[in-house]
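[1] coords please:
(2 chains)
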Amino acid sequence: MHTLITYIDIDLFTALQVVLLGFIGGILSGFIGSGGAFFMTPGMMNLGVDGVISVASNITHKFGKAMVGSRKHAAAGNVDKKLAAYMLITAVIGIQIAVAINSHLFKGGGGSHGAGGSAGANLYISLVFATILSAVAVSMLRDVLKSRGNGEESGGPSQKIAEFFSRLNLPPVIYFSVADTKISLWVLMAGGISTGYLAGTIGVGGFIGVPAMIYVFGVPTAVATGTELFLALFMGAYGALSYAYQGFVDIRLTMLLYLGSLVGIHLGVYGVKVVNERYIRIVTSLIILLCVFSRIIAMPVYLRQLGLVSYEAGYDRYFNMGSKFFLFASGISGAAVILLKVVGAYRQRRKIQKTLLVTKKPESKMVESMKAA
Amino acid sequence: MALVMISSLYQGGREALAQTLADKIHWPMLTREELQEQAKQQGIKVGRLEVSMIKGPSFAEKLAREKKLYLAFLTATLCEKALEGNLVYYGRAGHFLLPGVSHRLRVGLTAPLDVRIQRTAKLLNMRPEQAESYLIQLDEDMAKWIHQVHHAAGQDPNQFDVFFNLETTTVNNAAEILRRMAQLPEYQPTATSTRMLKDLHLRAQAELRLLLDERTRDVDLKVQAEHQVVTVTYPPHHDAISEAITQVLADLKDCREIQCTMAETNILWVQERFKSESESFHQILHLAQRWGAAVELMRLISPEEATQDDETVDGLSPYQFGRRECPMEDDGGVEDDDPAAMVNDGGLGAAMETLIDRGRCGGGRTVCGGYDKILERVRGDGNYALVVVGDMFLSKGHSTRTRRTRELAMSIRDRLKAPVITMEELKSRFLFGKRQAVTLAGFGVILALIYILVFRNQDPVLTFLSGPIHQQMKWLAPIVVVLLVPTIAYLYGTMTDLILKLINID
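    The predicted model follows:
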């Protein structure tokens, strides 16, 4: 056993908390295509689990969760496997570039999902995280609000970027049947490698991948969500293998996460089927913004550690608490609004289904065949 | 039983005129404020209703029930008082109440703005400029209220029998004129107008009961009363409500008979191809027969299909949500005498013939384009009890078809505010049979065993994954993890899927 790694004791209360973390993460994954790492990993760390074990257990759990989730999405017509294959290859290249650059820049440190690292690496990652993701979230939100303001005739996300690339007409152009869109291979490569690079730098997958597919490739929102989850299956499998080889996987945590996440992911996928795609983008951008805010609050700690600002070290606690608060707020509030919509839609459909299933014939009642007033 | 209904703007002189008149002719007087107070005592949220009407339509929609309740209560109370004898009533828009009762004398009143400003400033202790702004805002709010509640303009002279301007005419002289007018034969109750008043009273009482009873409060019911017979019309998808209606109105005073009728309405079925022998067709027909509804067929075709020989059509997906212009003209549902025109109609003609045979045809048309074309066609046509989105996007693969049909249904639902379902939802019946039960039980047992095994032997498991055994055979842990983890996910995922399908979450 790794002497430096300690595994937590799991009592019933801890187990329930892990199940709840899984449930919330599952809802977010099923609905927006992302929602594992940013929520579950710090969540487990909060319970006293070592950073690297949190990351390892979460990635291992992601493998199975993504398998179930993408199967549901595929049944709903939301997974474009061909697109996923292209994204996977290009993203892996991007990740390798990011790993090489980051390793060179931050020898002995750096990392994602909060798994240790020097203050410099943490600051760099947080800055890139905040800058890139706030730009993504704000653009998404603006796009949604603008399309609402234009009235009912404008539906769907802005196609400006996708149409720009489409007009360039750079062969070879590949047609993706499920997404029902054509993308130039060059655009695909550039988009995929950039997505992979950012994912490798700041440790997020869906937060970059889903908006990239929607706005750069012109893929419908539901397909972007489903395809991203399908991609996560392979990332999860690779991660599970790597971390298990290193001996960092706590299978107990993985199994407990499943008890919650596999229920949550079904609800999230159901939510995608019953709500307007605009709502998916709103929820995604709001969650990203709260996560960004969480990172920004943590930055003074790194600045102080680097000697760029000075204040009492005791205040670090408050910054970290604030950061944690917004992180959990993003996950919990995101899951709550999704659940609210899911429950509302479910009740509406039950109402319609009930009327369709009524078998009493009108002739059995006191009915006259008069025309309605 | 003569009725004088006096209406004016705030501080327009209605109170003074009504009081003077009542004193002259010794008739009882009823005010709007008294009616409102009684309404509040009944639990009607008058204040909230006023605010919502003034704020705007989206708020007003949510308080539609409160509005109906308020009007029903007002009408019932006013009718009750009017049936007791002569009555003088004053309010904002009293002339809209008791429609059709011929022995009402509808009196409109106005006063110069500066007079109203003076009165307001004195009453509310304001400066004249403040009083003026207040009055202007109040007049706007009142106009909105009257528009939302009575769907008319408040001070339209056509709505009155007599209109006074108190700039020159004194209140006393106006009251004297009204006293004499109230004695004219035109404003005396007749058998017909009395019966009308009684019917109004009966209708209002019935509406009140239906709106207050929890069994019927949330259903959109239309109530009529004529010759002591109350007729209640209910929407087709609430065909079980008629029994409740009968029970709620069972002991209604002065009611001879209660009749419940289902409203006539249509089911709109949107599809690319129709087949009268298909299972879907029979299901829709069965539904229409149950509801007494007609089925309207709408064949939606893509511009690509319509213009196969047209070189200007580019390779983009035709369903750009209505952005593409469709060169083919819509037929508007008119059948052509030329039989050649019927050749490639996607089965629309044959389907319509079958519906005509069954007496369920609500028409049919071909529309070229996206969902906005559908909306353009259906909006304003009114009464669809249900919209069914059938087999669409037939040229696409299964995944794209499923997703786009669902998106189309959602878009129509958002804009039409009518119940919209897909054919898949209409057909789907999840049957939890023996096979599913065995799967659930079996998977449950296996899963329980795995969890018990792992959690009862935590130390050995952790030692295997990262202890001495792992140090010796590093490759073993990843293999076990990669085999075990998806197995657990598959077992538990399948169980969850079955349970959620059982409770219709799918």
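
[2] can you give me the buried ones in stretch B:147-159?
    Across stretch B:147-159, burial judged by 16 or more other C-beta atoms under 10 Å in any protein chain shown covers B:148-150, B:154-155, B:159. Backbone N, C-alpha and C define where each C-beta goes, glycine included.

[3] lowest-confidence one in those residues?
    For those, the weakest pLDDT value sits at B:Gly154, with 70.

[4] quick one, what contacts that one?
    B:7, B:9, B:92-93, B:142-143, B:146-147 (C-beta atoms under 8 Å, 6 or more residues apart in numbering or on different chains).

[5] among those, which one has the most neighbours?
    Counting neighbours by other C-beta atoms under 10 Å in any protein chain shown, B:Ser7 leads the contacts of B:Gly154 with 26 neighbours.

[6] ok so, going back, closest to chain A out of the buried residues of stretch B:147-159?
    B:His150 (18.7 Å; C-beta to the nearest C-beta).

[7] okay, now the residue lying closest to that closest one once chain neighbours are set aside: neighbour count?
    Once flanking residues are discounted, B:His150 sits nearest to B:Phe96: 4.3 Å by C-beta to C-beta, 6 or more residues apart in numbering or on different chains. Neighbour count for B:Phe96, taken as other C-beta under 10 Å: 20.

[8] pLDDT wise, what is B:Phe96 at?
    84.

[9] surely it touches B:His151?
    No - counting by C-beta atoms under 8 Å, B:Phe96 stays clear of B:His151, with 9.1 Å between them.

[10] in TSV: the buried residues of stretch B:147-159, plus distance to A:Thr227 and secondary structure.
    Putting these into TSV (distance: C-beta to C-beta, whole Å; DSSP: H, G, I helix; E, B strand; the rest coil) gives the following:
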residue	distance to A:Thr227	secondary structure
B:Gln148	48	helix
B:Val149	52	helix
B:His150	55	helix
B:Gly154	58	coil
B:Gln155	62	coil
B:Gln159	62	helix
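
[11] any chance of those residues in CSV, with distance to B:Glu425 too?
    Formatted as CSV, those follow (distance: C-beta to C-beta, whole Å):
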residue, distance to B:Glu425
B:Gln148, 36
B:Val149, 38
B:His150, 41
B:Gly154, 47
B:Gln155, 51
B:Gln159, 48
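
[12] what is the nearest of those to B:Gln188?
    Taking C-beta to C-beta as the measure, B:Gln188 sits nearest to B:Gln159 out of these, at 21.3 Å.

[13] sorry, back to before: who's in contact with the residue nearest to B:His150?
    By C-beta under 8 Å, 6+ apart, the neighbours of B:Phe96 are B:146, B:150, B:152, B:159.

[14] once you drop chain neighbours, what's closest to the residue of the stretch 1-150 of chain A found nearest chain B?
    With C-beta to the nearest C-beta, the shortest gap between the stretch 1-150 of chain A and chain B falls at A:Gly64, namely 2.7 Å. Nearest non-adjacent residue to A:Gly64, counting by C-beta to C-beta, 6+ apart: B:Ala489, 2.7 Å away.

[15] mind checking how far the host helix or strand of that neighbour is from the chain centre?
    Using DSSP states H and E, B:Ala489 sits in helix B:476-502. Helix B:476-502 has its C-alpha centroid displaced from the chain centroid by 45 Å (C-alpha atoms, centre = their mean, to the nearest Å).

[16] now do stretch A:13-28
    The chain centre lies 16 Å from the centre of stretch A:13-28; the measure is C-alpha atoms, centre = their mean.

[17] mean confidence for it?
    Averaging pLDDT along stretch A:13-28 yields 91.

[18] tell me the spacing between whichever residue of the stretch 151-300 of chain A sits closest to chain B and B:Leu462.
    Per C-beta to the nearest C-beta, A:Gly247 is where the stretch 151-300 of chain A lies closest to chain B, at 3.4 Å. Distance of A:Gly247 to B:Leu462, given as C-beta to C-beta, to the nearest Å: 10 Å.

[19] show me what the longest helix along chain A is packed up against.
    For chain A, the helix with the greatest residue count under DSSP state H is helix A:316-357. On a contact count with 3 or more C-beta pairs under 8 Å, 6 or more residues apart in numbering or on different chains; DSSP states H and E, helix A:316-357 meets helix A:12-32, helix A:37-46, helix A:251-274, helix A:277-305, strand B:420-422, helix B:423-427.

[20] quick one: the last one near chain A?
    Yes - remark: helix B:423-427 sits within contact range of chain A at B:425-426, by C-beta under 8 Å from any C-beta of the partner chain.

[21] would you indicate which residues of that helix are buried?
    Buried-residue list, helix B:423-427, by 16+ other C-beta under 10 Å: B:423, B:425-426.

[22] for the helix or strand just after that helix, which positions count as buried?
    Note on helix B:423-427: by DSSP H and E, the next helix or strand toward the C-terminus is helix B:434-456. By neighbour count on 16+ other C-beta under 10 Å, the buried set for helix B:434-456 is B:436, B:440, B:443, B:447, B:450-451, B:454.

[23] identify the farthest-apart pair in these.
    Taking C-beta to C-beta, no two of the buried residues of helix B:434-456 sit farther apart than B:Gln436 and B:Val454, at 26.8 Å.

[24] minimum distance to chain A, which residue of the stretch 351-500 of chain B gives it?
    Nearest residue of the stretch 351-500 of chain B to chain A (C-beta to the nearest C-beta) works out as B:Ala489 at 2.7 Å.

[25] follow-up on the earlier one: so of the helices and strands packed on helix A:316-357, which one's packed in deepest?
    Most buried of those, by mean neighbour count (mean count of other C-beta atoms under 10 Å in any protein chain shown): helix A:251-274, with a mean of 26.

[26] and the helix or strand that contains B:His286, average pLDDT?
    Assigned by DSSP H and E, B:His286 belongs to helix B:279-291. In this model, helix B:279-291 has an average pLDDT of 85.

[27] now swap in stretch A:333-348 and tell me
    Mean per-residue pLDDT for stretch A:333-348: 86.

[28] check whether stretch B:247-256 contacts chain A.
    No - residues of stretch B:247-256 contacting chain A under C-beta under 8 Å from any C-beta: none, with a closest distance of 11.9 Å.

[29] same question for that stretch: list its buried residues.
    B:248-249, B:252, B:255.

[30] what's the closest of those residues to chain A?
    B:Leu249 (11.9 Å).

[31] show me what contacts that closest one?
    Going by C-beta under 8 Å, 6+ apart, B:Leu249 touches B:206, B:209-210, B:230, B:232, B:255, B:258.

[32] the same query, at a cut-off of 6 Å, please.
    Going by C-beta atoms under 6 Å, 6 or more residues apart in numbering or on different chains, B:Leu249 touches B:206, B:258.

[33] what about the contacts of B:Gly154, which are in helices?
    Secondary structure from DSSP H places B:142-143, B:146-147 of the contacts of B:Gly154 in helices.

[34] buried sites along stretch A:337-352?
    A:337-339, A:341-342, A:345-346, A:349, A:352.

[35] what about residue 353, neighbour count?
    No chain was given, so I picked chain A. Neighbours around A:Gln353, by other C-beta under 10 Å: 14.

[36] wrong chain, I was asking about chain B
    B:Glu353, neighbours per other C-beta under 10 Å, totals 12.

[37] got the angle between the host helix or strand of it and helix B:279-291?
    Taking DSSP H and E as the criterion, the element that holds B:Glu353 is helix B:348-357. When axes from the mean of the first three to the mean of the last three C-alpha atoms, to 10 degrees is applied, the directions of helix B:348-357 and helix B:279-291 differ by 30 degrees.

[38] give the buried residues for helix B:348-357.
    Counting neighbours by 16+ other C-beta under 10 Å, one finds that the buried residues in helix B:348-357 are B:348-349, B:351-352, B:354-355.

[39] helices or strands next to whatever helix or strand comes next after it in the packing?
    Using DSSP H and E, the next helix or strand after helix B:348-357 towards the C-terminus is strand B:361-368. Here strand B:361-368 touches strand B:294-301, helix B:348-357, going by 3 or more C-beta pairs under 6 Å, 6 or more residues apart in numbering or on different chains; DSSP states H and E.

[40] could these be laid out in CSV, adding mean pLDDT?
    CSV is the format used below for the helices and strands packed on strand B:361-368 (pLDDT from 0 to 100):
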stretch, mean pLDDT
strand B:294-301, 85
helix B:348-357, 85
